[in-house]
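**Q** Give the three-dimensional model of this entry:
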Amino acid sequence: MHNYFQPQFIGEFLPDVLSALPTTLLLTVVSTIIGVIVGAGIAYVRLENTPILKQIAVVFTSFVRGTPILIQMFLVYYGLPLFLSYISINTDNVNPLIYLFLTYGLNMAAFLSEIIRAALLSVPKTQKEAAMTAGYTKRQMYMKIIFPQATVIAIPSFATMVISLLQDTSLAFTIGVLDVVGKAKALGTATFHTVEAYISAMIIFVVLSFVLERVFRFVEKRHHYANRAVPTVAPAPVMPVIEKPKMI
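**A** The predicted model follows:
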């Protein structure tokens with residue numbers, strides 16, 4: 001038992017565990033892209049009060065935000081093929097990564113939609129009104145006035161979500177995808193040095209989270225400085241009302 005924990009195995013396991021890093025990074029990047037696109041669409045639907053779609057968006061975000069991501073993963077991985085089989089669609093050859101992209105992407109979309117919506121709502125309404133008064137089209141108003149200001153507000157929360165997603169990818173091994181944690185589990189099972197293998201995976205996640213945090217801080221500072229140059233439209237001046245002199 002005195003040889004159960006051997007620290008030298010941590011360094012020996014690192015190269016093998018790192019070989020699965022591309023899968024973890026691919027999951028993070030693709031799911032983030034899906035989350036941003038779908039989340040922006042959900043935020044737009046809710047801001048514009050689109051009939052029916054708004055109710056669907058509210059139910060979707062409430063369901064995703066109120067259930068563990070592991071349950072969502074099992075529902076997609078086991079439930080979606082079952083549903084598609086009823087309409088004669090064969091999913092036997094579908095890569096498990098597709099189910100993970102769908103699960104993590106929709107999970108990110110639910111949370112990012114609230115972040116995007118809150119950031120857009122935080123821009124003063126006077127900016128929108130002044131932009132329309134100044135002759136901006138709706139697209140120009142959002143691209144030149146609203147989005148640049150909202151982006152600076154959303155970056156810290158967005159960074160937190162991406163780092164959280166990176167850590168959530170550690171559940172991918174539960175459906176047979178060999179990511180960083182899956183590789184560590186396989187090494188631990190084969191060598192009976194599970195602790196050392198998981199410490200190797202932990203080191204990788206700590207380093208990745210630290211790097212992502214620094215990258216987002218740099219991006220936030222750049223956007224903060226760039227946002228100073230974003231034009232803000234001053235409201236149109238209100239002309240004073242001159243009363244006519246009363247006749248005596």
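
**Q** Need the contact partners of whichever strand or helix holds residue 160.
**A** Using DSSP states H and E, residue 160 sits in helix 147-168. The contact list for helix 147-168 (Cβ atoms under 8 Å, 6 or more residues apart in numbering) reads 24, 28, 31-32, 35, 69, 104, 107-108, 111-112, 115-116, 118-120, 122-123, 127, 205, 208-209, 212-213, 216-217, 219-220, 223-224, 226-227, 230. Every residue, glycine included, has its C-beta placed from N, CA and C.

**Q** again, only this time at 7 Å
**A** 28, 31-32, 69, 104, 108, 111-112, 115-116, 119-120, 122-123, 205, 208-209, 212-213, 216, 219-220, 223-224, 227, 230 (Cβ atoms under 7 Å, 6 or more residues apart in numbering).

**Q** Check the secondary structure at residue 178 for me.
**A** Counting by DSSP: H, G, I helix; E, B strand; the rest coil, the backbone at residue 178 sits in coil.

**Q** For it, which residues are in contact?
**A** 20, 23.

**Q** picking that back up, would you mind giving me the PyMOL syntax to select the buried ones in the contacts of helix 147-168?
**A** Restricted to buried positions by 16 or more other Cβ atoms under 10 Å, the PyMOL selection for the contacts of helix 147-168 reads:
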select buried, resi 28+31+32+69+104+108+111+112+115+116+119+120+123+205+208+216+220+223
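
**Q** Show me the contacts of helix 147-168 that map onto helices.
**A** Counting by DSSP state H, the part of the contacts of helix 147-168 found in helices is 28, 31-32, 69, 104, 108, 111-112, 115-116, 119-120, 122, 205, 208-209, 212-213, 216, 219-220, 223-224, 227.

**Q** Please, which helix or strand holds residue 187?
**A** helix 180-191.

**Q** in that helix, what counts as buried?
**A** By neighbour count on 16+ other Cβ under 10 Å, the buried set for helix 180-191 is 180, 181, 182, 183, 184, 185, 186, 187, 188.

**Q** can you give me the mean pLDDT across that helix?
**A** Regarding helix 180-191, the rounded mean pLDDT is 91.

**Q** Can you spell out which helices and strands pack onto that helix?
**A** helix 8-18, helix 194-227 (3 or more Cβ pairs under 7 Å, 6 or more residues apart in numbering; DSSP states H and E).

**Q** Let's have these in TSV, adding distance to residue 40.
**A** Converted to TSV, the helices and strands packed on helix 180-191 look like this (distance: least, Cβ to Cβ, whole Å):
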stretch	distance to residue 40
helix 8-18	33
helix 194-227	17
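
**Q** what about residue 47, neighbour count?
**A** 13 (other Cβ atoms under 10 Å).

**Q** hang on, isn't it packed against residue 119?
**A** No: Residue 47 is beyond contact range of residue 119, at 11.0 Å (criterion: Cβ atoms under 7 Å).

**Q** picking that back up, buried residues in the helix holding residue 160, which are they?
**A** Those buried within helix 147-168 under the rule 16+ other Cβ under 10 Å are 147-155, 157-159, 161-163, 165-166, 168.

**Q** so where's the protein uncertain?
**A** Residue ranges of the chain with pLDDT under 70: 1-3, 224-248.

**Q** and with 80 instead?
**A** 1-5, 128-129, 138, 222-248 (pLDDT under 80).

**Q** Show me what counts as buried in stretch 191-203.
**A** 193, 196, 197, 198, 199, 200, 201, 202, 203.

**Q** Show me the contact partners of that stretch.
**A** For stretch 191-203, the surrounding residues in contact (Cβ under 7 Å, 6+ apart) are 5, 6, 9, 10, 13, 14, 17, 180, 181, 184, 187, 188.

**Q** any chance of the residues you listed in JSON lines, plus distance to residue 93?
**A** JSON lines is the format used below for those (distance: Cβ to Cβ, whole Å):
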{"residue": "5", "distance to residue 93": "42"}
{"residue": "6", "distance to residue 93": "42"}
{"residue": "9", "distance to residue 93": "37"}
{"residue": "10", "distance to residue 93": "38"}
{"residue": "13", "distance to residue 93": "32"}
{"residue": "14", "distance to residue 93": "34"}
{"residue": "17", "distance to residue 93": "28"}
{"residue": "180", "distance to residue 93": "25"}
{"residue": "181", "distance to residue 93": "25"}
{"residue": "184", "distance to residue 93": "28"}
{"residue": "187", "distance to residue 93": "28"}
{"residue": "188", "distance to residue 93": "30"}
